[in-house]
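>>> Kindly return the folded structure for what I paste below:
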Amino acid sequence: MANLHESIRKEGIDYIFVTTAVGSSVLGAPYPPSQGQFDPGVAQVTSNLTCYLYSTGSPLLINVYPFFALALEPNYISLDYALFRSQTPVILDGNLAYYNLFDAMVDAFVAAMVRAVGKEDVKVVVSETGWPTAVHEPYSSIENARIYNIKLRDHVIGVWRTPRKEDMNMEVYIFEMFNENLKGEGVE
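Residues are numbered from 1 along each chain as shown. Below is the predicted model:
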């Protein structure tokens, strides 16, 4: 990664960032969001990666899937919280109020990164998010996918930030708008 970054900079190109993507499995403690930290099994590698990306001004790309958290913990996570439909805060974390699981997941990554770097101005980009339309019933459906994508779009356009990162200009990418019918069943 360092060699690629240096090669690009030697050519005078300063608008291309070298980075990588990680999934939520690198988080060991995602709740409450302010206590987010990297899983002990990957903490050293992920912390070193985070520090390197911070030193180059590159964001960490994160994959955020509220659906999978809901499917794994349906007794603790409500569908409304996962679909941006909560009317009241579901999590109060200090002075921060979380109305949706997406923000809580992003801020758990931010907290883990801040622990690694020691500074609040870390950069993240949500490189993957989405909601399946089938296979993982009862939560996967065309209607729930439609609601998630519309509410996500409205949240990103209207709010632009998470409770912890008020200075964030949220950059989010939806991963596929169709089902991956060649994947095996089960929650990823």
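
>>> From now on I want contacts and neighbour counts done on CA atoms only, so please keep to that.
Fine.

>>> ok, then the element right after the worst-scoring helix or strand of the chain on mean pLDDT?
Ranking every helix and strand in the chain by mean pLDDT, DSSP states H and E puts helix 2-10 at the bottom, with a mean of 81. Downstream of helix 2-10, the first helix or strand assigned by DSSP states H and E is strand 21-22.

>>> what's that next one in contact with?
The contact list for strand 21-22 (CA atoms under 8 Å, 6 or more residues apart in numbering) reads 60-63, 127.

>>> Over to stretch 86-105?
For stretch 86-105, using CA under 8 Å, 6+ apart, the contacting residues are 30, 32-34, 64-66, 80-85, 162-164.

>>> ok so, going back, filter the contacts of strand 21-22 to the buried ones?
Among the contacts of strand 21-22, those scoring as buried are 60-63, 127 (criterion: 16 or more other CA atoms under 10 Å).

>>> pLDDT below threshold where in this structure?
Scanning the chain for pLDDT under 70 picks out 177-188.

>>> So what are the sheet partners of the top strand by length along it and their directions?
Counting by DSSP state E, the longest strand found in the chain is strand 124-129. Applying DSSP bridges, strand 124-129 is found paired with strand 60-63 (parallel), strand 172-174 (parallel).

>>> Throw those strands into TSV and include distance to Lys123, thanks.
What follows is the strands paired with strand 124-129, written out as TSV (distance: least, CA to CA, whole Å):
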stretch	distance to Lys123
strand 60-63	6
strand 172-174	13
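
>>> Could you pull up the residues touching Leu53?
If you count contacts by CA under 8 Å, 6+ apart, then Leu53 has 19, 59-60 around it.

>>> Which secondary structure state is assigned to it?
Assigned by DSSP: H, G, I helix; E, B strand; the rest coil, the conformation of Leu53 is helix.

>>> how much space is there between it and Arg161?
From Leu53 across to Arg161, the span is 21 Å (CA to CA, to the nearest Å).

>>> Over to Val42?
The value you get for Val42 to Arg161, if CA to CA is used, is 27 Å.

>>> And for Asn144?
Distance from Asn144 to Arg161, by CA to CA: 23 Å.

>>> thinking again about what came up before, hmm, who's touching the longest strand of the chain?
Contacts for strand 124-129 (CA under 8 Å, 6+ apart): 21, 59-65, 110, 170-175.

>>> just those now: which is nearest Gly12?
Pro59 (19.7 Å; CA to CA).

>>> Pull the number of nearby residues for that closest one.
For Pro59, the tally of surrounding residues (other CA atoms under 10 Å) stands at 19.

>>> So it sits against Met113, correct?
No - in this structure Pro59 lies outside contact range of Met113 using CA atoms under 8 Å: 10.6 Å.

>>> Please enumerate the strands of the chain.
Using DSSP E, strands in the chain cover 21-22, 27-29, 37-38, 60-63, 91-93, 96-98, 124-129, 172-174.
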